[in-house]
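K.L.:
A structural model of the following input is requested.
(one chain, ligands or ions: 1)
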Amino acid sequence: MSVVVLISGRGSNLQAIVDAGIPVSAVISNVAGAGGLDIAARRGIPARVVKHGDFPTREAFEDVLAAEVDRFAPKLVAHAGFMRIVTAGYVARYAGRMLNVHPSLLPSFTGLHTHERALAAGAKLHGCSVHFVTPELDAGPIVIQAAVPVLANDTADALSKRVLRQEHVVYPRAIKWFLEGKLVIDNGRVSVKGNNAQFVFDDRP
Ligand code: GRF
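P.N.:
Purely as a prediction, here's the structure:
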């Protein structure tokens with residue numbers, strides 16, 4: 001019933017997942033020195049680094065990455081700030097058991113720089129989404145979303161902090177639902193057995 005968490009950076013979502021009591025059997029980073037590796041070390045969680053730059057192709061990188069993931073035979077693979085676009089072949093390997101957290105209200109603002117783009121668009125609500133990973137970038141079935149207001153004098157930094165606080169709420173919740181077998185995907189839409197609310201709205205500044 002364990003989870004392998006893939007990271008590239010600071011690891012605050014990893015921290016939230018661990019703090020929520022979710023059994024994390026390994027942390028794998030594609031970046032040496034990523035902050036999340038220290039979190040793993042402090043918690044006694046096995047950590048590995050597989051640097052994408054060490055491989056000639058995306059596929060070669062993913063073969064080694066998947067071998068490391070599979071060593072821990074996880075029930076779920078959780079991408080948490082894992083900043084690599086993955087191939088359809090890799091996705092197929094973990095179909096229906098790979099989640100990602102994305103800092104926007106999907107399907108708006110897939111890809112990078114979501115907070116800047118939400119501000120530039122004059123969006124009044126922004127937020128984050130936890131979704132299943134499918135071959136199309138940031139487009140898989142949505143498990144849960146959290147919305148926050150965009151304030152009049154917001155900066156991308158302030159907005160990102162408000163969103164990140166919600167990532168730390170909804171990602172552990174989604175992972176628990178998955179591990180409890182509560183998520184049902186039907187025709188690209190996710191429901192949660194037991195009618196759990198699949199949204200959060202937090203208008204604290
Ligand atoms: C999060 O905002 C995540 O949604 C995005 O990258 C950030 C990672 O933060 N893809 P952290 O490493 O979990 O602190």
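
K.L.:
which ones are touching the residue of the chain found nearest the ligand?
P.N.:
Nearest to the ligand in the chain, going by CB to the nearest ligand atom, is Gly81, at a distance of 2.6 Å. For every residue, glycine as well, the C-beta is placed using N, CA and C. Gly81 makes contacts with 7-14, 36, 101, as judged by CB atoms under 8 Å, 6 or more residues apart in numbering.

K.L.:
can you check Ser104 too?
P.N.:
110, 114, 117-118, 126-129, 138.

K.L.:
Glu62 touches Ile85, doesn't it?
P.N.:
No - counting by CB atoms under 8 Å, Glu62 stays clear of Ile85, with 10.6 Å between them.

K.L.:
of those two, give the one with the bigger neighbour count.
P.N.:
Per other CB atoms under 10 Å, whichever of Glu62 and Ile85 has more neighbours is Glu62, with 21 against 10.

K.L.:
which stretches in the chain count as strands?
P.N.:
For the chain, the strands defined by DSSP state E occupy 3-7, 24-29, 47-49, 76-79, 98-102, 125-132, 142-149, 183-186, 189-192, 199-201.

K.L.:
list the strands paired with the third one, with their directions.
P.N.:
Here strand 47-49 has these sheet partners by DSSP bridges: strand 24-29 (parallel).

K.L.:
just how off-centre is the partner strand within its chain?
P.N.:
Put simply, strand 24-29 sits 13 Å off its chain's centre (CA atoms, centre = their mean, to the nearest Å).

K.L.:
before we move on, the earlier item: which of the contacts of Ser104 are buried? Put it as a ChimeraX command.
P.N.:
Buried subset of those, written as a ChimeraX selection, criterion 16 or more other CB atoms under 10 Å:
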select :114,117,118,126,127,128,129,138
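
K.L.:
who's in contact with the closest residue to Gly35 other than its chain neighbours?
P.N.:
If the residues on either side of it in the chain are set aside, Gly35 comes closest to Arg10, at 4.2 Å by CB to CB, 6 or more residues apart in numbering. Arg10 is in contact with 34-36, 81, counting by CB under 8 Å, 6+ apart.

K.L.:
before we move on, the earlier item: intersect the contacts of Gly81 with the contacts of the ligand.
P.N.:
Residues of the contacts of Gly81 in contact with the ligand (CB under 6 Å from any ligand atom): 7, 9-13, 36, 101.

K.L.:
all good on my end, thank you.
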